[in-house]
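**Student:** next one to model:
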Amino acid sequence: MSDVLIPFAGENPEITEISELSKKGYQLLKENKIAEAMECFSKILTVDENNNYALVGMGDAVRKRGIFRDAVEYYRRCLVHHPGNNYALFGLADCYKALNQFHKAIEIWEQYLLHDDKNITVLTRVADAYRKIRDFKHSKAVYLRVLEMEEQNPYAIIGLGHLHYDFKEYRDALFYWEKMLQANKENVDIRVLTSIGNCHRKLKTFKEGIGYFEKALQRDNCNFYALFGLADCYRGLNQQNRSLEYWNRILEQDPRNKVILTRAGDAYRNLSEFDMAVDYYRRALNIEFDTYAVLGLAVVAKGQGKFDEAIESLRRLIQQDPKNYRFYLELADCYVKRGEKTKAVEVLGDFQKLGIRNTFIIDQLEKLKS
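**Tutor:** Numbers count the residues shown, from 1 in each chain. Next up, the predicted model:
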């Protein structure tokens, strides 16, 4: 609201005072002196309770403090008496966005666009909001409309990258992220590098992804997304020792991250370092219950020939989550290793009775029956 127009004061002393208070209030808002700004706007409202400049000013001040519900009331009061006030509409929509009420935000921004349909800032916000409610078609259309107006608009390009990524269209997402990289080669945002890396990670082109995560790590050697991306790429390449290097670097910063503890446990297990694997899985479970830590312990027990222990854990996991095919595969494998092929077939048959078609289950059944 820094560019709000202040009304002409004229000769009326009361109007002059309101005009001066309004100017002062908005200047104080610019300087982030919120309490002092609110005093100015409050003084105006005691004289003129429906003053649009003061109502919007109070809305902006309260919004800056993050008290979005109160800000909504000020903007709505303004719009009751001054319908179509662009500043009130803009502030109100931003509040709804902050409150995750994206449908309401879109509705308000659409009203704003009736008065100013070329406003790129508002258009990108509308596209972002459509993306948040997973409306791919409308989101993409608005982003592309922005790019027609401003070919290299970074918010629209980044938005399209996020949009395609959210909908698992990783190659299209990669196109937009690489466009951002080409436009900002010398000083690209670290998030662009990790986003490109994540696209490669999802496409399982792990070797290509590693380079981008390494560049991100050169910028910030503690960046979680770069460390996670490198660990996961090396995991995808079955280079467990390299993945452990990065899982453990994350744990140095965040020792109670149970997801990372479980991933590190998996890496140790795949390296047949069972004691280390068990330690990491138990550390994860000491934080809170984790399905994959329990699964990891069961697989370790199976690898050590402790079949009864593994079978008991896997049966409990199946009771908790009967649609997870991996539990059935591991349980069937326990029975195979114990020489009980018939029981293994029964276990896989139990999964098929759920009516879920799974190629891994089908393939394993065919192997057992052949």
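**Student:** could you point out the helix or strand that follows the longest helix seen in the chain?
**Tutor:** Ordering each helix of the chain by length in residues (DSSP state H) puts helix 13-30 first. The C-terminal neighbour of helix 13-30 among helices and strands, as given by DSSP states H and E, is helix 34-47.
**Student:** show me what that following helix is packed up against.
**Tutor:** Counting contacts by 3 or more Cβ pairs under 8 Å, 6 or more residues apart in numbering; DSSP states H and E, helix 34-47 packs against helix 13-30, helix 52-64. (Each C-beta comes from the backbone N, C-alpha and C, glycine too.)
**Student:** now the angle between helix 34-47 and the longest one, please.
**Tutor:** The one in question is helix 13-30. Counting by axes from the mean of the first three to the mean of the last three Cα atoms, to 10 degrees, helix 13-30 lies at 160 degrees to helix 34-47.
**Student:** how distant is helix 13-30 from the center of its chain?
**Tutor:** Its chain's average C-alpha position is 41 Å from that of helix 13-30, according to Cα atoms, centre = their mean, to the nearest Å.
**Student:** what's the angle between that helix and helix 52-64?
**Tutor:** 20 degrees.
**Student:** with just CA atoms, put helix 13-30 into CSV.
**Tutor:** In CSV, the C-alpha atoms belonging to helix 13-30 read as follows (Å, rounded to 0.1, in the frame of the first residue of the first chain):
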residue,chain,number,x,y,z
PRO,A,13,-9.2,21.7,8.6
GLU,A,14,-10.7,18.3,9.5
ILE,A,15,-9.9,17.0,6.0
THR,A,16,-6.4,18.5,6.1
GLU,A,17,-5.8,16.7,9.4
ILE,A,18,-7.0,13.3,8.0
SER,A,19,-4.9,13.8,4.9
GLU,A,20,-1.8,14.5,7.0
LEU,A,21,-2.5,11.5,9.3
SER,A,22,-3.0,9.3,6.3
LYS,A,23,0.3,10.4,4.7
LYS,A,24,2.1,9.9,8.0
GLY,A,25,0.5,6.5,8.6
TYR,A,26,1.6,5.1,5.2
GLN,A,27,5.1,6.5,5.6
LEU,A,28,5.4,4.8,9.0
LEU,A,29,4.2,1.6,7.5
LYS,A,30,7.0,1.9,4.9
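**Student:** what is the least confident helix or strand in the chain?
**Tutor:** Taking mean pLDDT, DSSP states H and E as the measure, the chain has helix 13-30 as its least confident helix or strand, at a mean of 88.
**Student:** separation between Y143 and E169?
**Tutor:** Distance, Y143 to E169, using Cβ to Cβ, to the nearest Å: 14 Å.
**Student:** among those two, which residue is more densely surrounded?
**Tutor:** Counted by other Cβ atoms under 10 Å, Y143 and E169 do not tie: Y143 has more neighbours, with 27 against 14.
**Student:** didn't that one look like it was pressed against G159?
**Tutor:** Yes: contact criterion Cβ atoms under 8 Å: Y143 and G159 qualify, at 5.1 Å.
**Student:** list the residues that contact both of these two?
**Tutor:** Counting by Cβ atoms under 8 Å, 6 or more residues apart in numbering, the common neighbours of Y143 and G159 are T124, A127.
**Student:** contacting residues around the closest residue to I133 other than its chain neighbours?
**Tutor:** Distances taken as Cβ to Cβ, 6 or more residues apart in numbering place F102 nearest to I133, at 4.9 Å, with adjacent residues excluded. Applying Cβ under 8 Å, 6+ apart to F102 gives the contacts Y96, A129, Y130, K132, I133.
**Student:** buried ones in the one helix or strand the second one maps to, by neighbour count?
**Tutor:** Spelled out, that is A129. According to DSSP H and E, A129 maps onto helix 120-132. Neighbour-count burial for helix 120-132 flags V122, L123, T124, R125, V126, A127, D128, A129, Y130, R131, K132 (criterion: 16 or more other Cβ atoms under 10 Å).
**Student:** isn't Y292 up against T262?
**Tutor:** Yes: using Cβ under 8 Å, Y292 makes contact with T262 at a distance of 4.8 Å.
**Student:** looking at the two, which is more packed in?
**Tutor:** Neighbour count, other Cβ under 10 Å: between Y292 and T262, T262 has more, with 24 against 18.
**Student:** report how many residues lie close to Q27.
**Tutor:** Using other Cβ under 10 Å, the number of residues around Q27 comes to 14.
**Student:** likewise for A37?
**Tutor:** 23.
**Student:** report the contact partners of the closest residue to it other than its chain neighbours.
**Tutor:** Of all residues not flanking A37 in the chain, L28 sits nearest, at 3.8 Å (Cβ to Cβ, 6+ apart). L28 makes contact with I34, E36, A37, C40, according to Cβ under 8 Å, 6+ apart.
**Student:** tell me where the stretch 51-200 of the chain has strands.
**Tutor:** In the stretch 51-200 of the chain, no segments count as strands under DSSP state E, counting those that start in this stretch.
**Student:** next one, pLDDT for the spatially closest residue to Y176 that is not a sequence neighbour please.
**Tutor:** Nearest non-adjacent residue to Y176, counting by Cβ to Cβ, 6+ apart: G161, 3.9 Å away. Looking at G161, its pLDDT is 97.
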